[in-house]
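Asker: Okay, predicted coordinates and the sequence, questions at the end:
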Amino acid sequence: MEKVIYLMSNEENKYINFFENIKKFKIKQKQQKQRGLNDYNMVNVVRKENAEVGMHSNVIYSLIDPDGLHYQDDLFLQIFISDVLEISDFGEILSVNAEESTHEQRRVDFTIKSTKYYIGIEMKIDAGDLENQISHYFEDLSIKALNDNKQEVIIYYLTKDGKAASKYSAKIIDYKKVSFDNHILNWINKCQHEVKNITNLNEAFENYKDIVNKILNNYEGKVMQLKDLLKSQENYSIAKDIYEAYLDTSAELEKNFWETAYKKLIDNDIKVLAHSIFDVDTIKKARNANGSSSEVWIDFDIYEIDQNNKVILKVGSSNWSDGVFITIAKLQNGTWVSGNNNHEKYIINKINSLDNLNFTKPNWAYGLSEFKEYQLRNEKLPITIENVNDFVYQLELLINKLKIILIENDES
């Protein structure tokens with residue numbers, strides 16, 4: 001028998017190599033996680049990274065406090081003074097406080113007092129300035145310093161990137177700008193170097209460094225990410241081709257689902273009132289649109305109130321939800337009427353008592369829980385395609401139940 005030798009083109013090789021690299025990446029990523037690499041940060045679990053008081057004030061104060069549970073005396077404070085405050089002749093430390101009250105019952109984020117200086121630090125992560133905030137802190141500390149040793153008062157304004165305070169807050173007061181992306185990260189690194197052999201402290205600084213990098217949008221996870229693989233020109237180009245093919249395939253699969261369901265329902269004598277056009281381009285456009293244009297749907301005539309009014313069941317897929325949506329509404333002279341009409345309310349009350357079926361939006365007849373499992377707008381689409389027969393069966397049962405309910409209502 002003659003052997004046929006198939007030579008792959010460079011284009012085919014390119015895609016095969018790409019998927020092989022993805023496979024290798026997933027294996028390496030799994031190995032990293034098994035070896036203990038992770039992005040877990042216990043501090044971040046307790047507080048969000050941008051919480052000024054709950055996160056940054058508490059963490060920084062716990063480290064610069066000479067009496068803190070780190071048991072490093074004023075080691076971290078002295079580095080803070082030299083590298084954040086940039087003062088070389090600070091004098092003897094008198095006190096370090098967080099949230100010190102002023103005579104107007106405001107609170108200064110940090111105060112550090114010595115025989116030479118009274119320091120106030122106002123920290124802003126995402127919050128805006130308050131009226132007279134910096135000027136008031138300066139005034140309050142100046143009064144306190146006058147009653148002490150006439151120390152020099154300096155206010156520091158700590159932000160993510162060292163931006164200026166508003167005149168609304170500072171007025172005419174001179175202050176110094178410091179930042180997380182320069183001063184605080186540098187302070188963390190120097191402190192960490194000093195305690196590199198003390199495991200828990202080293203890890204604490206590492207955790208806080210991650211949190212600071214998160215507020216600066218500089219954080220990179222310890223476990224390698226798929227996006228890193230796509231940064232090369234070739235891989236990026238291939239990924240774009242695959243994404244475009246994914247969009248086409250998704251629209252085609254959804255088209256096949258609705259087309260198959262529609263034909264089966266017609267064959268089973270289920271009356272269809274109207275439906276959107278089942279073609280790839282229409283569905284592809286719907287999948288990428290927002291608002292009402294994102295729907296693919298079928299309308300079923302389930303009850304005729306009179307010659308000009310019908311109760312309809314609208315079934316479809318939408319960008320609003322991954323699952324199949326179900327809506328009960330009324331057609332009045334050929335126009336779809338939404339909102340709590342009497343027939344909707346009656347059906348909702350009845351159906352909620354049947355077989356544990358519930359609308360996800362009970363004030364509007366939308367989204368029956370029974371149909372959540374049929375996912376059409378996410379990665380489970382191929383599974384839903386395989387279950388189209390079951391979907392049609394469940395839909396027929398629902399339609400028949402609704403017809404019985406409406407007839408009972410009519411007779412009563």
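Answerer: Nice, thanks for sending it over. Since this is a predicted model, take the numbers as computed values, not measurements. Numbers count the residues shown, from 1 in each chain.
Asker: Show me the strands in the stretch 301-412 of the chain, by range?
Answerer: Along the stretch 301-412 of the chain, the segments classed as strands by DSSP state E, counting those that start in this stretch run 309-318, 321-332, 335-337, 359-361, 366-368.
Asker: what inclination does the second one have with respect to strand 309-318?
Answerer: For strand 321-332 and strand 309-318, the angle between their directions (axes from the mean of the first three to the mean of the last three C-alpha atoms, to 10 degrees) works out to 160 degrees.
Asker: mind listing what's buried in strand 321-332?
Answerer: For strand 321-332, the neighbour count (16 or more other C-beta atoms under 10 Å) marks 321, 322, 323, 324, 325, 326, 327, 328, 329, 330, 331 as buried. Where you see a C-beta, it was placed from the backbone N, CA and C, and this is true even at glycine.
Asker: give the contact list for the second one.
Answerer: Contact partners of residue 322, counting by C-beta atoms under 8 Å, 6 or more residues apart in numbering, are 375, 376, 377, 378, 380.
Asker: How much space separates it from residue 392?
Answerer: Residue 322 sits 20 Å away from residue 392, going by C-beta to C-beta, to the nearest Å.
Asker: do the third one as well
Answerer: Distance, residue 323 to residue 392, by C-beta to C-beta: 16 Å.
Asker: Most neighbours among the contacts of residue 322, which one is it?
Answerer: Counting neighbours by other C-beta atoms under 10 Å, residue 376 leads the contacts of residue 322 with 24 neighbours.
Asker: surely it meets residue 315?
Answerer: No: counting by C-beta atoms under 8 Å, residue 376 sits too far from residue 315 to count as a contact (11.3 Å).
Asker: Could you say which helix or strand holds the residue nearest to residue 313 when sequence neighbours are not counted?
Answerer: Nearest non-adjacent residue to residue 313, counting by C-beta to C-beta, 6 or more residues apart in numbering: residue 300, 4.4 Å away. Using DSSP states H and E, residue 300 sits in strand 296-306.
Asker: Flag every buried residue along that strand.
Answerer: Across strand 296-306, burial judged by 16+ other C-beta under 10 Å covers 296, 297, 298, 299, 300, 301, 302, 303.
Asker: ditto for stretch 270-287
Answerer: Residues of stretch 270-287 classed as buried: 270, 275, 276, 278, 280, 283, 284, 286, 287 (neighbour count, 16+ other C-beta under 10 Å).
Asker: can you tell me which two in these are farthest apart?
Answerer: The two members of the buried residues of stretch 270-287 with the most space between them (C-beta to C-beta) are 270 and 284, at 27.0 Å.
Asker: Which helix or strand contains residue 113?
Answerer: Taking DSSP H and E as the definition, one finds residue 113 inside strand 107-114.
Asker: on that earlier part again, in JSON lines: the buried residues of strand 296-306, plus pLDDT.
Answerer: Formatted as JSON lines, the buried residues of strand 296-306 follow (pLDDT from 0 to 100):
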{"residue": "296", "pLDDT": "84"}
{"residue": "297", "pLDDT": "83"}
{"residue": "298", "pLDDT": "86"}
{"residue": "299", "pLDDT": "85"}
{"residue": "300", "pLDDT": "85"}
{"residue": "301", "pLDDT": "81"}
{"residue": "302", "pLDDT": "80"}
{"residue": "303", "pLDDT": "77"}
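Asker: Quick check: closest non-adjacent residue to residue 316.
Answerer: Nearest residue to residue 316, sequence neighbours excluded (C-beta to C-beta, 6+ apart): residue 297, at 3.1 Å.
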